[in-house]
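> the sequence isn't on hand, but the structure is:
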């Protein structure tokens, strides 16, 4: 078995059939399909059951309780996988039928690679393709042309150039992993709900090379229920960033501390001085306990930001 395709699903019945069909109809056919439903409350189970008995479907798992984290589903799927390579095909996205055919040779031809990913079209809830690909968005925001061409990079150089600035591998569905590398780095040793993918790519890049294909072979679906869009609905996202950057400061030793701090500040701007209440104070206590040095940076940043804002209002 060459590839294990893992589809973690939660309440994506609207997109599920198209997603699964875009996998089963791949031009490269040496794969197994593992479908994991995280206790959906829509009719996802009915759709999934239609594929029971299909020759490509190796496992169908229905959770009795919601796990609360898609990364727990990643871990479960990988533990069941028989293939040399892993494709985590998120249930609301879909793929070009040559996705596996074009990404697999990149990993096969270079054993030092931990993963390869491709560019992605952006589609809406109705499948309408947007004007910009994810590469266009990254290039525009980071003022570069990096993602216009294919490239292979050492993991450390990729972290220095872009991955420390954010999760520039924007969509897990666009990635093909080497299973041996995933098992080696164990990206599930810290529990994350939102930034587990970023943590995974960072851990892989510390030990392995990576590659990118500029052809958009993946279709990332942007809609209101994306996990990334829920990130800022409450303040708990700060805890995840503190955990992530606490790990980065200790483990990514080829980066300058200032570069890490600058990235940390970008992701933890929170304006400490607004709406200080008991809930927020309890959150800040947790942050202090996680890493008091990072918390002091966070405190200084937010205090300066609040004072600047106040000064501008007076002026």
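That came in fine, so what should we check first? Please read all numbers here as calculations on a predicted model, not as lab measurements.
> going along the chain, name the strands of the protein.
Counting by DSSP state E, the chain forms strands over residues 3-9, 31-37, 57-62, 85-88, 94-95, 113-123, 151-153, 175-178, 209-221, given from the N-terminal end onward.
> okay, these in CSV with mean pLDDT and mean neighbour count next?
(C-beta placed from N, C-alpha, C; glycine too.) Conversion of those to CSV gives the following (pLDDT from 0 to 100; neighbours: other Cβ atoms under 10 Å):
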stretch, mean pLDDT, mean neighbour count
strand 3-9, 98, 26
strand 31-37, 98, 24
strand 57-62, 97, 17
strand 85-88, 98, 25
strand 94-95, 98, 24
strand 113-123, 98, 23
strand 151-153, 98, 15
strand 175-178, 98, 24
strand 209-221, 98, 22
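> export those strands to CSV and tack on distance to residue 48?
Listed next are the strands of the chain as CSV, based on distance: least, Cβ to Cβ, whole Å:
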stretch, distance to residue 48
strand 3-9, 7
strand 31-37, 5
strand 57-62, 6
strand 85-88, 17
strand 94-95, 16
strand 113-123, 22
strand 151-153, 37
strand 175-178, 23
strand 209-221, 18
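> right, so of those strands, which gets closest to residue 132?
Closest of those to residue 132 is strand 113-123, at 6.6 Å (criterion: Cβ to Cβ).
> next one: that closest one to chain centre, how far?
The chain centroid and the centroid of strand 113-123 are separated by 11 Å, computed with Cα atoms, centre = their mean, to the nearest Å.
> now swap in stretch 290-309 and tell me
27 Å.
> how about it, which residues are buried there?
In terms of neighbour count (16 or more other Cβ atoms under 10 Å), stretch 290-309 has its buried residues at 291, 294-295, 298, 301-302, 305.
> nearest to residue 15, of the strands of the chain?
When these are ranked by distance to residue 15, counting by Cβ to Cβ, first place goes to strand 209-221 at 6.5 Å.
> by how many degrees do the closest one and strand 113-123 diverge?
In this structure, strand 209-221 runs at an angle of 20 degrees to strand 113-123, with axes from the mean of the first three to the mean of the last three Cα atoms, to 10 degrees as the basis.
> other SSEs contacting strand 209-221?
Other elements packing on strand 209-221 under the criterion 3 or more Cβ pairs under 8 Å, 6 or more residues apart in numbering; DSSP states H and E are strand 94-95, helix 99-108, strand 113-123, helix 134-142, strand 151-153, helix 155-158.
> quick one: these as a markdown table, columns for distance to residue 238 too.
As requested, the helices and strands packed on strand 209-221 are arranged in a markdown table below (distance: least, Cβ to Cβ, whole Å):
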| stretch | distance to residue 238 |
| --- | --- |
| strand 94-95 | 33 |
| helix 99-108 | 35 |
| strand 113-123 | 27 |
| helix 134-142 | 22 |
| strand 151-153 | 30 |
| helix 155-158 | 26 |
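> neighbours around residue 277, how many?
8 (other Cβ atoms under 10 Å).
> repeat for residue 247
Burial measure for residue 247: 16 neighbouring residues, criterion other Cβ under 10 Å.
> wait, residue 199 sits on residue 244?
Yes - the pair residue 199 and residue 244 qualifies as a contact (Cβ atoms under 8 Å) at a distance of 5.9 Å.
> what pLDDT does the model give residue 312?
Listed pLDDT for residue 312 reads 48.
> shaky segments in the stretch 1-150 of the chain?
Flagging of the stretch 1-150 of the chain using pLDDT under 70 yields an empty set of residue ranges.
> would you map the helices across the stretch 151-300 of the chain?
Using DSSP state H, counting those that start in this stretch, the helices found in the stretch 151-300 of the chain span residues 155-158, 179-185, 196-207, 237-251, 257-267, 278-290, 292-314.
> chain center to the third one: distance?
Yep, that's helix 196-207 we're talking about. Remark: helix 196-207 is offset 10 Å from the chain centroid, using Cα atoms, centre = their mean.
> just name the most buried of the helices of the stretch 151-300 of the chain.
Looking across the helices of the stretch 151-300 of the chain with neighbours counted as mean count of other Cβ atoms under 10 Å, the highest average goes to helix 196-207: a mean of 22.
> hmm, who's touching it?
Judged by Cβ atoms under 8 Å, 6 or more residues apart in numbering, the contacts made with helix 196-207 from elsewhere in the structure are 69-71, 74, 114-115, 155-156, 158-159, 163, 166-167, 169, 172, 177, 181-182, 184-188, 190, 192, 210, 244, 247-248, 251-252.
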